[in-house]
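Colleague: with the sequence up front, the predicted model follows.
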Amino acid sequence: MSEFQKSFAKSKLAKLPAEAPMFDTIANPEGIREEDASSASSVSSTGTLMPSPTRHLFARTSSRFHSQSSTWSDFFAQELFFPEQLDQIHITHHVYLTPPTGSGPLFVLHHGAGSSGLTFASCTSEIQKILPKAGFLSLDARGHGQTTMTSHSKPLETETPSLAAAAHAESESEIELDLSLETLSRDLLFVIRQTQAKMGWENLPDIVLVGHSLGGAVITDLAKQGELGGKVLAYAVLDVVEGSALDALQSMEMYLSTRPIRFLSLASGIEWHTRSRMIRNSASARASVPSLIYEESEPTDSTRPWVWRTNLSATKPFWENWFIGLSRKFLDSRGGKLLLLAGTDRLDKELMIGQMQGKYQLQVFPEAGHFLHEDQPAKTAQVLVDFYKRNDRSALVLPPKVADMQAAAAMKKSDGTSEKHGVLK
């Protein structure tokens, strides 16, 4: 190859994205429009594109595809379980925690519907590379991940549930699941306060709230309540806005019917997420997918014993409740505001007006899907760190108050007069 050809090749390669998707886009099923598929992603944290059931998603792959999963300890310092009794229900809230050091901020992270706290695993790892003092608190919402619910007649679990994976769906199937926005917002505040008590913090660190999809609605609601006072520096909403989310409700049930109900193995579940481009980064998928599915102890289909932890269809009664009024709350709440989207087509009228008025920061990742923080963890991390630094009050050097300047001038004048008359100080 000539020097000219080498130079030409290098220039072309340099323009390729740093995190190129592994698989080509999979077509939508017949009868589902592209815009419906895109809109559906704003309601559910299960992807941007709808996989076709006719594609061979479980075909043998080349040896370069690695489906070995990661563990939570690869990304967080510890996991905590906070038991709570509410009426006839015992809840054991599960969170992942990396405490901040020094004056570092605490990023409080809330996932979307059907996801878990580990959806932020890769992103938090990238944030720590840039901002080593930062801490992270990422919870599993009720009905998700390892947060469990049992009836009053069963004993309260205070330790790590030994059979959480097998018993998760079975224990909650008998309980009416409350996933209203008010309840999820209350749960988030509860785990923040419990973490403060557990860690012995006299005061909370400065907090940056970050929420993806449904989580964006939850953290915005908490910011609007003002329960955490001035400790909330800012809040960031990832890929959800009120208008497109409400429009997507019409296609959500059809979308859910297209994804598989069962998987052959954990590796098959990870592979399905990457092949269908639900998650476009294989490393992120290996970190987050293991928390989304579990192996049944007594499977109804022994050939495919792995099933979803969260029944998204059961969340339908709460879909509108999550997103109605989101845009107004986002614009009106106190603190710095960031909206990070996978496409500008997701903006509704109210947010367009707010953006033109400079009421919030807007960042778009057109190369990413709905799970933009998993598809592009390094870029998302950089945006979040820059966002924090712009709102970090400790970095501000405020000018002296006028009254203080006048007092200092008067003191200086007084000292001069005293010296002139021979008064010793």
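Modeller: Thanks, I have it. Predicted model only: the values in this text are computed from it and were never measured.

Colleague: CA-only coordinates of stretch 220-234 in PDB, if you can.
Modeller: Extracted in PDB, the C-alpha atoms of stretch 220-234 (Å, rounded to 0.1, in the frame of the first residue of the first chain):
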ATOM      1  CA  THR A 220     -38.000  15.800  38.200                       C
ATOM      2  CA  ASP A 221     -40.900  15.200  40.500                       C
ATOM      3  CA  LEU A 222     -38.500  15.000  43.500                       C
ATOM      4  CA  ALA A 223     -36.700  18.200  42.400                       C
ATOM      5  CA  LYS A 224     -40.000  19.900  42.200                       C
ATOM      6  CA  GLN A 225     -41.000  18.900  45.700                       C
ATOM      7  CA  GLY A 226     -37.900  20.600  47.100                       C
ATOM      8  CA  GLU A 227     -37.600  18.000  49.900                       C
ATOM      9  CA  LEU A 228     -33.800  17.900  49.600                       C
ATOM     10  CA  GLY A 229     -33.500  21.700  49.700                       C
ATOM     11  CA  GLY A 230     -30.400  23.300  48.400                       C
ATOM     12  CA  LYS A 231     -28.500  20.000  48.300                       C
ATOM     13  CA  VAL A 232     -29.800  19.400  44.800                       C
ATOM     14  CA  LEU A 233     -27.400  21.300  42.600                       C
ATOM     15  CA  ALA A 234     -29.000  20.200  39.300                       C
END
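
Colleague: give me the number of residues near Lys198?
Modeller: Residue neighbour count, defined by other CB atoms under 10 Å, stands at 14 for Lys198. Placement of C-beta: from N, CA and C, glycine included.

Colleague: test my guess that it contacts Leu80.
Modeller: Yes: contact criterion CB atoms under 8 Å: Lys198 and Leu80 qualify, at 6.2 Å.

Colleague: could you measure from Val307 over to Gly117?
Modeller: 20 Å (CB to CB, to the nearest Å).

Colleague: which one's more surrounded, those two?
Modeller: The neighbour comparison of Val307 against Gly117 (other CB under 10 Å) goes to Gly117, with 31 against 19.

Colleague: nearest spatial neighbour of that one, chain-adjacent residues omitted?
Modeller: Ser138 (3.8 Å; CB to CB, 6 or more residues apart in numbering).

Colleague: in the stretch 151-300 of the chain, where is pLDDT below threshold?
Modeller: The stretch 151-300 of the chain contains residues with pLDDT under 70 at 152-174.

Colleague: at 50 instead, please
Modeller: 156-166, 168 (pLDDT under 50).

Colleague: and the strands in it?
Modeller: 207-212, 232-238, 262-263, 293-295 (DSSP state E, counting those that start in this stretch).

Colleague: using CSV, lay out those together with distance to Ile279 and mean neighbour count.
Modeller: Listed next are the strands of the stretch 151-300 of the chain as CSV, based on distance: least, CB to CB, whole Å; neighbours: other CB atoms under 10 Å:
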stretch, distance to Ile279, mean neighbour count
strand 207-212, 12, 27
strand 232-238, 14, 26
strand 262-263, 15, 20
strand 293-295, 13, 19
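
Colleague: tabulate these in CSV, adding columns for distance to Phe75.
Modeller: Converted to CSV, the strands of the stretch 151-300 of the chain look like this (distance: least, CB to CB, whole Å):
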stretch, distance to Phe75
strand 207-212, 15
strand 232-238, 18
strand 262-263, 23
strand 293-295, 19
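
Colleague: isn't Pro205 right up against Phe107?
Modeller: No: with contact defined as CB under 8 Å, Pro205 does not count as touching Phe107 (9.8 Å).

Colleague: overlap in contacts of the two?
Modeller: Common contact partners of Pro205 and Phe107 (CB atoms under 8 Å, 6 or more residues apart in numbering): Gly135.

Colleague: how close does Gly229 get to Met411?
Modeller: For Gly229, the distance to Met411 - CB to CB - is 35 Å.

Colleague: hang on, I meant Gly112
Modeller: Taking CB to CB, one finds Gly112 at 58 Å from Met411.

Colleague: of these two, which one has the most company?
Modeller: More crowded of Gly112 and Met411, by other CB under 10 Å: Gly112, with 29 against 10.

Colleague: the more buried one: what's it in contact with?
Modeller: Residues in contact with Gly112 (CB under 8 Å, 6+ apart) are Ser44, Ser45, Thr119, Gly211, His212, Ser213, Leu214, Gly215, Gly216, Val240.

Colleague: surely the last one touches Thr220?
Modeller: Think Val240. No: in this structure, Val240 is not within contact of Thr220 by CB under 8 Å, at 9.5 Å.
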